[in-house]
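Participant: pasting the structure only:
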């Protein structure tokens, strides 16, 4: 009883399938099995952990599929953080220059009381202003023009109004013979005034000359020790000392102008003031005058370069004119032009404006 019922259940479905399905049943079943096997394989790979390697797929009806998994790549080190480039500071836009821009440059002035180091020059700040604000630099203040005071190269020397320029070294040759008795005090007074007007940079000396009663001709200078006197600076101390020495001068004897001039020229001065009155020489002939003039030419010759004599001799005759003409001849040959010979009276010497 049981078997017939079973057979009826088995046959009934086959009889119900349409005829066109039978040829397609086998391929569909195989395809479905393959797809199921593939799905199961991928699912098993995700669920069951294991080492990488070949995995056998489900085998069905002599058809097998295998999947080779590549080995896992080695772990790479973490990437280094990228250096970010510094962000440039925003630069203010510079407006385009005008067709002909004018730039005013201002240079920072250094303080007049500060000194920059020698190794590094002081920084210079340059500021460029827009053309519309350009300011022309202020002109530098004009420096004061120095006032040049005219001054002679060499001080002037003078005696009783008779002056000599370029006189730095002065010698006063004073006749202290008896012929000067009437005017010697006045002459010495003017001599003090002349020395008092000298500048400290000038030098001077006084030579007293005469012929003694014994016949000896002498020419003595101040501080003359064995004929080795020198010029004295026109300092206040020397001026006071000379003033005291002049008080001791006493006139006597005869005149000896050549001896006095010779001693004066030995001091190499710029000018000699020959001060005398009524020269009374032992030899008053014309030959004696010529001999004196020749001697002076040898002592004070004319320079071939400049055409002048090195020393200017000014002759000052007191009280009366020299009748011999010797003083006039000396002034004409050794002076510096007109006025080298002057005749003075006592009243002229003692004038208050001298």
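Facilitator: Arrived safely. No experiment lies behind these values; they were computed from the predicted model shown.
Participant: Tell me how this protein divides into domains.
Facilitator: 2-66, 157-349 (automatic domain parsing).
Participant: Which of the helices and strands in the chain ranks last by mean pLDDT?
Facilitator: Least confident helix or strand of the chain, by mean pLDDT, DSSP states H and E, is strand 105-107 with a mean of 38.
Participant: which stretches of the stretch 251-354 of the chain have low pLDDT?
Facilitator: 279-285, 350-354 (pLDDT under 70).
Participant: Which parts of it are helices?
Facilitator: Assigned by DSSP state H, counting those that start in this stretch, the helices in the stretch 251-354 of the chain fall at 257-265, 286-299, 326-334, 346-349.
Participant: before we move on, the earlier item: determine which stretch of the domains of the chain is the most buried.
Facilitator: Of those, the one with the most neighbours on average (mean count of other Cβ atoms under 10 Å) is domain 157-349, at a mean of 17. To be clear about C-beta, it is placed using only N, CA and C from the backbone, and glycine gets the same treatment.
Participant: Compute the first-to-last residue distance for that one.
Facilitator: Its first and final residues considered, domain 157-349 spans 16 Å by Cα to Cα, to the nearest Å.
Participant: Also stretch 191-208?
Facilitator: By Cα to Cα, one end of stretch 191-208 lies 12 Å from the other end.
Participant: mean confidence for it?
Facilitator: Here stretch 191-208 scores 94 as its mean pLDDT.
Participant: quick one: contacts of that stretch?
Facilitator: Stretch 191-208 is contacted from outside by 155, 157-160, 167-174, 176, 219-222, 229-235, 239, 242-243, 246, 249, 260, 263-264, 267, 269, 273, 275, 354, using Cβ atoms under 8 Å, 6 or more residues apart in numbering.
Participant: Repeat the analysis, applying 7 Å as the threshold.
Facilitator: 155, 157-159, 168-174, 176, 219-222, 229, 231-235, 239, 242-243, 246, 249, 260, 263-264, 267, 354 (Cβ atoms under 7 Å, 6 or more residues apart in numbering).
Participant: Equivalent analysis for stretch 222-235, please.
Facilitator: Contacts of stretch 222-235 (Cβ under 7 Å, 6+ apart): 169, 195, 198-200, 202-206, 221, 238, 242, 245, 267.
Participant: List the ones among those that fall in strands.
Facilitator: 169, 203-206, 221 (DSSP state E).
Participant: what helix or strand does residue 210 sit in?
Facilitator: If you go by DSSP states H and E, residue 210 is part of strand 203-211.
Participant: can you give me the angle that strand makes with helix 257-265?
Facilitator: Interaxial angle of strand 203-211 relative to helix 257-265 (axes from the mean of the first three to the mean of the last three Cα atoms, to 10 degrees): 160 degrees.
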